[in-house]
Structures are given as C-alpha cells and as structure tokens.
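Enquirer: coords below, sequence missing:
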C-alpha cells in the first residue's frame, strides 16, 4: 500500500507519460508536447510551473511572448547536442523596439540549449523575444514557469494573433484569441466628469 502524496510534493522522476497530458498548441497543431502542471498539482495560485517532455524533433509551441507575465525555462535534460531555442526578434534596423510597432517579418534564429540552461523572458513589448523550443534527435525534458497576473496577453507575432488570458476569477483560467492582423488602434477620450 502506497502512502498518499503530500500536497506540496510531486516526484517528477516517477511521472511516466501516462501521468502527463498530450497537448497540441491551439494555434499550431504541429507544435506539441506532454505536460503536467506542478504548480496546480501543489496548490500554487500566483505562480505557474509546468513539467514538460518534448519528443525528438518536436517544437514546443508557436513563437510567442507575453506582454505582462515573465516566463522562464529550466532545461532538465537537453537530450542531445542538437536541441535549440528558436528566437524571433525585431528587425535589425529596429532593435529593442516595442514589438507592437514592429512591421515586417523580423529575424528568426536558433541557439543551442544544453542541460542545466536557464532561460528568462521578461513580460512586455519593449525588447520582447518571441520564443519556442525544438528538440533534437532525443527527447528534451524541462520546466516552464511564470507569474499569473490577473490578465496577460500572449502574442504570436508571426500569426498576427494574441491570446488573452484571464486569471481574474481564481477558480479557472479563461482565454480567447484576438486576430490582430487588421487591428487598428483608436483613441478614445477620457470620459467627462462633473466638476
């Protein structure tokens, strides 16, 4: 008879694929992975932490960045020396630009990732780096985490879409997609007030 798991503990080495959920990215079904939320499993409410296993040759997600939440990755096992971080940045003529103002394709590049690497992406448009991981010839095992602001925007610059994530109701995350390709900015004056 096994002892029940304490609410604060998850032993990730004991997690087989059957304990993880297979997940395809909602905007790109070719981007997929196996995952379990360690933060939710231990009752965390202000911080998301997820355990991932990325199959050989698979891409973790669609290139994205967050406008509010910080996001980090810790590579537990890079698997092989051909696993990469894919980075998309503002064009060279506009380095450090506010990503909302970037026009054109931007610049994509790959950087090797190694076991023990820590990657940190601060939330915000200014100097943002859209990112994703791609496994090499072997599986990549990693953690992803970030804060859970009441409202965050996950921007997919190459798709012209934004995922709005609402954590304001503590019981469940809600999200919806906004197509930003033909979105126009409008100015709305502040409401009049009685003096």
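Expert: Okay, I see it. From a predicted model like this one, the values you see are computed outputs, not experimental measurements.

Enquirer: Do I have it right that residue 135 meets residue 79?
Expert: Yes: applying CB atoms under 8 Å, one finds residue 135 in contact with residue 79, separated by 6.2 Å. Glycine gets a C-beta too; all of them are placed from N, C-alpha and C.

Enquirer: Neighbour count: those two, which is higher?
Expert: Between residue 135 and residue 79, residue 135 has the larger neighbour count (other CB atoms under 10 Å), namely 25 against 22.

Enquirer: Which residue lies closest in space to the more buried one, excluding its sequence neighbours?
Expert: Using CB to CB, 6 or more residues apart in numbering and skipping residues adjacent in sequence, the residue nearest residue 135 is residue 54, 4.5 Å away.

Enquirer: ok, what's across the strand from residue 118?
Expert: residue 74 (DSSP bridges).

Enquirer: List the contacts of it.
Expert: The contact partners of residue 118, taken as CB atoms under 8 Å, 6 or more residues apart in numbering, are 72-75.

Enquirer: Any of the residues you listed buried? List them.
Expert: By neighbour count, with 16 or more other CB atoms under 10 Å, the contacts of residue 118 hold 73, 75 as buried.

Enquirer: Any chance of the contacts of residue 118 in CSV with distance to residue 152 and pLDDT as columns?
Expert: CSV is the format used below for the contacts of residue 118 (distance: CB to CB, whole Å; pLDDT from 0 to 100):
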residue, distance to residue 152, pLDDT
72, 15, 98
73, 17, 98
74, 20, 98
75, 23, 98
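
Enquirer: Pull up the pairing partners for the helix or strand of the chain with the lowest mean pLDDT, direction included.
Expert: When the helices and strands of the chain are compared on mean pLDDT, DSSP states H and E, strand 174-179 comes out lowest with a mean of 76. Strand 174-179 has its sheet partners listed here by DSSP bridges as strand 161-166 (antiparallel).

Enquirer: Need the mean per-residue confidence for the strand of greatest length in the chain.
Expert: With DSSP state E applied, the strand covering the greatest number of residues in the chain is identified as strand 28-37. Across strand 28-37, the average pLDDT comes to 92.

Enquirer: likewise stretch 134-146?
Expert: The predicted confidence, averaged over stretch 134-146, sits at 97.

Enquirer: Residues in contact with it: which ones?
Expert: Stretch 134-146 is touched from outside by 38-39, 47-60, 66, 69-84, 86, 110, 113, 123, 133, with contacts defined as CB under 8 Å, 6+ apart.

Enquirer: Just the buried positions in it, please.
Expert: Residues of stretch 134-146 classed as buried by neighbour count (16+ other CB under 10 Å): 134-136, 138-146.

Enquirer: can you put the residues you listed in TSV and add distance to residue 18 and secondary structure?
Expert: What follows is the buried residues of stretch 134-146, written out as TSV (distance: CB to CB, whole Å; DSSP: H, G, I helix; E, B strand; the rest coil):
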residue	distance to residue 18	secondary structure
134	25	strand
135	20	coil
136	25	coil
138	20	coil
139	16	coil
140	19	strand
141	16	strand
142	19	strand
143	20	strand
144	21	strand
145	23	strand
146	26	strand
